[in-house]
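[1] Sequence and predicted structure, then a few things I'm wondering about:
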Amino acid sequence: MKQHRNVVLFIAASLDGYIATKDDSLEWLFQVDGEGDNGFAAFYETVDTVLMGKRTYDWIMEQDMQEFPYKNKQSYVFTRSSVTETENVKFISDDVSDFIQHLKHGEGKDVWIVGGGELLHTFLQEKLLDELILTVAPTILGDGIPLFKKGDYQLDLFLKKTKRFNQFVELHYEVKR
């Protein structure tokens, strides 16, 4: 296991930058012709920790799944409310920056930000993100939940590589330090 783990955003968005419709639907994403799992399995093997906001966690739990999708990973959900831990998830209300610095300097694989927009916004403002892997779908939604919220931050990126998965294009960026 390596020391100094990277914090990576791995996410899909529409061409106009939305991660879901206004009503949290991802149906538009599943209508695009991809290739295999569009690189998910290969990426998933590079992480042992997943992070998400409470809204993303709630959305996942509302889906008709047989079991928690990240049960073989250490899963943390950031929330401002008091929630009891489950066997699959630890709920975190600590300072995000302090918590992430502790994770980054521990041993293990990389850390994946599953979603959502509020949590990502904090990571961008606090400069906690190391890599961004964005899969762009050939769909224009016109409105919805934006990948990037407006804010007082700037991240300069270096394009590491691109991949094509049929109609999807994956852009892999490293954050310049």
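    Right, received. Where do you want to start?

[2] Can you point out the helix or strand that includes the closest residue to Ala137 other than its chain neighbours?
    Counting by CB to CB, 6 or more residues apart in numbering, Val32 is the residue found nearest to Ala137 once chain neighbours are left out, at 4.8 Å. (C-beta placed from N, C-alpha, C; glycine too.) Element membership of Val32 [criterion: DSSP states H and E] is none; it lies in no helix or strand.

[3] In the protein, where is pLDDT below threshold?
    Scanning the chain for pLDDT under 70 picks out the ranges 1-3.

[4] ok, now which ones touch the residue nearest the centre of the chain?
    Centroid-nearest residue in the chain, with CA atoms, centre = their mean: Val114, separated by 2.8 Å. If a contact means CB atoms under 8 Å, 6 or more residues apart in numbering, then Val114 has Phe10, Ile11, Val50, Leu51, Met52, Thr56, Tyr70 as its contacts.

[5] Would you mind measuring from it to Thr56?
    Val114 sits 6 Å away from Thr56, taking CB to CB, to the nearest Å as the criterion.

[6] re earlier: measure the residue nearest to the centre of the chain to Gly142 for me?
    Counting by CB to CB, the separation of Val114 from Gly142 is 25 Å.

[7] Could you say which helix or strand holds the closest residue to Leu129 other than its chain neighbours?
    Taking CB to CB, 6+ apart, and ignoring the residues beside it in sequence, Leu129 has Phe123 as its nearest neighbour in space, at 4.9 Å. Following DSSP H and E, the helix or strand that holds Phe123 is helix 117-125.

[8] partners of the helix or strand just after that helix, with directions?
    Beyond helix 117-125 in the direction of the C-terminus, DSSP H and E gives the next helix or strand as strand 131-137. Strand 131-137 pairs in its sheet with strand 7-14 (parallel), strand 168-175 (antiparallel), by DSSP bridges.

[9] how about the strands in the chain?
    Counting by DSSP state E, the chain has strands at residues 2-3, 7-14, 18-20, 47-53, 74-78, 89-92, 107-108, 110-115, 131-137, 145-146, 157-165, 168-175.

[10] what would these look like in JSON lines with distance to Gln101?
    Putting the strands of the chain into JSON lines (distance: least, CB to CB, whole Å) gives the following:
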{"stretch": "strand 2-3", "distance to Gln101": "13"}
{"stretch": "strand 7-14", "distance to Gln101": "10"}
{"stretch": "strand 18-20", "distance to Gln101": "26"}
{"stretch": "strand 47-53", "distance to Gln101": "13"}
{"stretch": "strand 74-78", "distance to Gln101": "14"}
{"stretch": "strand 89-92", "distance to Gln101": "13"}
{"stretch": "strand 107-108", "distance to Gln101": "14"}
{"stretch": "strand 110-115", "distance to Gln101": "11"}
{"stretch": "strand 131-137", "distance to Gln101": "17"}
{"stretch": "strand 145-146", "distance to Gln101": "27"}
{"stretch": "strand 157-165", "distance to Gln101": "21"}
{"stretch": "strand 168-175", "distance to Gln101": "15"}
